[in-house]
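Asks: take a look and give me a structure for this.
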Amino acid sequence: MSKREKNIELINKAISGKQSAYKALYDMYKNNLFVVCLRYAKDRSVAQDYLQDTFINIFRNLKQFDELKGAFESWAKRIAINVCLADIRKNTLYAVNITKAEEIQSNDIDALSNLSLEEMLAMIQDLPFGYKTVFNMYIIDGFSHKEIAEELEISISTSKSQLMKARNLLQKKITLRKQFYNKDHG
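Replies: Residues are numbered from 1 along each chain as shown. As a prediction, this is how the structure comes out:
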């Protein structure tokens with residue numbers, strides 16, 4: 001049985017009220033969705049709250065899932081992103097700080113290759129909240145600046161500015177890590 005077929009079977013069982021199907025869906029997707037939530041949250045505790053709200057929304061809306069429109073995992077991930085963004089919109093005031101975008105030179109590909117996934121996630125997690133949110137939406141989740149502006153109720157230029165600042169800050173962190181790594185291992 002393929003993963004898709006197993007998902008459809010579990011979804012149908014959950015819709016019919018089988019608790020074991022809810023648990024199986026939760027166990028199957030909790031780790032991937034937690035990583036999505038963690039990217040948007042200010043800390044693990046908030047990410048856990050986002051994850052809980054995500055699964056509440058998933059389970060409430062299971063009947064709306066349409067297998068012809070895409071994979072369950074993509075649908076669930078979109079719900080997680082929407083949960084995170086809804087909370088961000090509700091609780092965050094974005095400072096409109098518009099600066100002229102500068103070209104970002106990235107010549108530290110070697111430093112990136114030395115980073116583990118955990119180190120990169122930690123660097124992203126340490127970004128200021130607005131930078132992190134825009135970076136995640138644009139770089140990781142593939143939103144356009146127009147979509148980001150609409151979702152976060154900010155201007156397109158603010159989205160671009162926040163992304164540029166996030167990239168610059170990450171570049172500095174990567175460079176510092178590279179210098180540290182080369183000092184210890186070079």
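Asks: quick check, central residue of the protein?
Replies: Central residue of the chain (Cα atoms, centre = their mean): Val36, 3.9 Å from the mean position.
Asks: that one touches Ile79, doesn't it?
Replies: No: if you go by Cβ atoms under 8 Å, Val36 and Ile79 don't touch, sitting 9.6 Å apart. Heads up, the C-betas are built off the backbone N, CA and C, glycines and all.
Asks: so where is this protein shaky, pLDDT-wise?
Replies: 92-117, 181-186 (pLDDT under 70).
Asks: domain parsing for it?
Replies: 3-91, 109-185 (automatic domain parsing).
Asks: so which bits of the longest helix seen in the chain are buried?
Replies: Ranked by residue count and defined by DSSP state H, the top helix of the chain is helix 156-185. Using 16 or more other Cβ atoms under 10 Å as the test for burial, helix 156-185 gives 157-167, 169-171, 173-174, 177-178.
Asks: against Gln52, how distant is Ser45?
Replies: Using Cβ to Cβ, to the nearest Å, one obtains 11 Å as the distance from Ser45 to Gln52.
Asks: likewise for Asp66?
Replies: From Asp66 over to Gln52 (counting by Cβ to Cβ), the distance is 24 Å.
Asks: with neighbour numbers in mind, choose between those two.
Replies: Each of Asp66 and Gln52 has its neighbours counted (other Cβ atoms under 10 Å); Gln52 has more, 12 against 8.
Asks: and that one, which helix or strand is it part of?
Replies: helix 44-60 (DSSP states H and E).
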